[in-house]
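Asks: Just need the structure, nothing else, for what follows:
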Amino acid sequence: MPYKTDGIEIEIHPGPKKGEDGKPLLYVRPAKGYRKTFKQLDDFCTKYRGMRTGEMQQVFDVLMEVAGRWLSEGYRVETPIGSFAPKLKLIGQHTDPKTITGRDVRYVGLDFIPNKDLVKVAGRNREGYRKSKDPVGNSQMYDEQAMDDALQRCLRLGYVTIPEFMMFSKLKRDSAKNYLDSLCKGDHPRLWSVREGRRYLYFPKKDNSKG
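Replies: A predicted model of the protein is given here:
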């Protein structure tokens with residue numbers, strides 16, 4: 001079957017909850033690397049929307065100045081693409097409103113509620129979705145063949161290190177260490193490990209069951 005080349009490219013990641021088989025439930029998100037710069041937006045609007053070069057930048061400069069001032073005063077600011085409001089956090093634990101003063105409140109960012117029309121336009125997707133070719137998010141940990149291939153490539157030197165296994169498996173450090181550690185456990189461990197300075201070395205376990 002030919003590889004799908006259109007549609008939104010997605011990454012697959014394991015989540016915090018586990019399924020009935022004991023493995024983490026997976027979730028998807030758009031692949032990294034797909035990004036449009038403000039210059040591209042400005043150039044596109046100049047070429048296809050009849051705007052002057054730099055006009056989009058001027059609009060945003062004025063919006064940031066005026067809307068920023070209103071936001072700093074506590075207002076929710078409504079725009080054609082949605083509304084913005086300051087996001088606040090209460091410092092410490094309080095149960096009595098009388099104990100709260102202005103010193104107990106901290107500004108932590110902005111809350112954005114997109115306009116329904118923006119949500120509708122952004123949700124248009126006529127091309128579907130396609131999985132990223134590269135394994136990401138450690139989901140490849142549950143591909144037994146891929147992990148075994150990575151392990152065998154590392155064992156050509158007679159032992160495995162975490163950085164080396166990360167390179168071949170494309171796992172993050174904690175996941176790579178957890179995977180290697182899991183192979184050292186159980187009734188029939190495949191590896192045993194020793195710490196040498198600040199690094200761990202994993203050696204293949206000899207099969208003593210054979211004559």
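Asks: where does this protein have low pLDDT?
Replies: Counting by pLDDT under 70, the chain has low-confidence residues at 1-5, 134-139, 142, 207-211.
Asks: longest single helix anywhere in it?
Replies: Counting by DSSP state H, the longest helix found in the chain is helix 55-72.
Asks: For it, name the packing helices and strands.
Replies: Judged by 3 or more CB pairs under 8 Å, 6 or more residues apart in numbering; DSSP states H and E, helix 55-72 is in contact with helix 38-48, strand 77-79, strand 82-90. Placement of C-beta: from N, CA and C, glycine included.
Asks: Pull out the buried residues from that helix.
Replies: Buried positions in helix 55-72, judged by neighbour count with 16 or more other CB atoms under 10 Å: 56, 67, 71.
Asks: ok, those vs D42, which is closest?
Replies: Nearest to D42 out of these is M56 (CB to CB; 4.5 Å).
Asks: and the closest one, how far is that from G74?
Replies: With distances taken as CB to CB, to the nearest Å, M56 is found 28 Å from G74.
Asks: Same check on A67?
Replies: From A67 to G74 the distance is 13 Å (CB to CB).
Asks: now swap in Y34 and tell me
Replies: In terms of CB to CB, Y34 sits 35 Å off from G74.
Asks: returning to that earlier point: ok now the longest helix of the chain, how far from the chain's centre?
Replies: 30 Å (CA atoms, centre = their mean, to the nearest Å).
Asks: so it versus strand 82-90, what angle?
Replies: 40 degrees (axes from the mean of the first three to the mean of the last three CA atoms, to 10 degrees).
Asks: For helix 55-72, list the C-alpha coordinates in PDB.
Replies: The C-alpha coordinates for helix 55-72 follow below in PDB (Å, rounded to 0.1, in the frame of the first residue of the first chain):
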ATOM      1  CA  GLU A  55       0.400  46.400   7.000                       C
ATOM      2  CA  MET A  56      -0.300  43.200   8.900                       C
ATOM      3  CA  GLN A  57       2.600  44.000  11.200                       C
ATOM      4  CA  GLN A  58       1.200  47.500  11.900                       C
ATOM      5  CA  VAL A  59      -2.200  46.000  12.800                       C
ATOM      6  CA  PHE A  60      -0.700  43.600  15.300                       C
ATOM      7  CA  ASP A  61       1.600  46.300  16.800                       C
ATOM      8  CA  VAL A  62      -1.400  48.500  17.500                       C
ATOM      9  CA  LEU A  63      -3.500  45.500  18.700                       C
ATOM     10  CA  MET A  64      -0.700  44.500  21.100                       C
ATOM     11  CA  GLU A  65      -0.400  48.100  22.500                       C
ATOM     12  CA  VAL A  66      -4.100  48.800  23.000                       C
ATOM     13  CA  ALA A  67      -5.300  45.300  23.900                       C
ATOM     14  CA  GLY A  68      -2.200  44.800  26.100                       C
ATOM     15  CA  ARG A  69      -3.100  47.900  28.100                       C
ATOM     16  CA  TRP A  70      -6.700  46.800  28.600                       C
ATOM     17  CA  LEU A  71      -5.700  43.300  29.600                       C
ATOM     18  CA  SER A  72      -3.300  44.700  32.200                       C
END
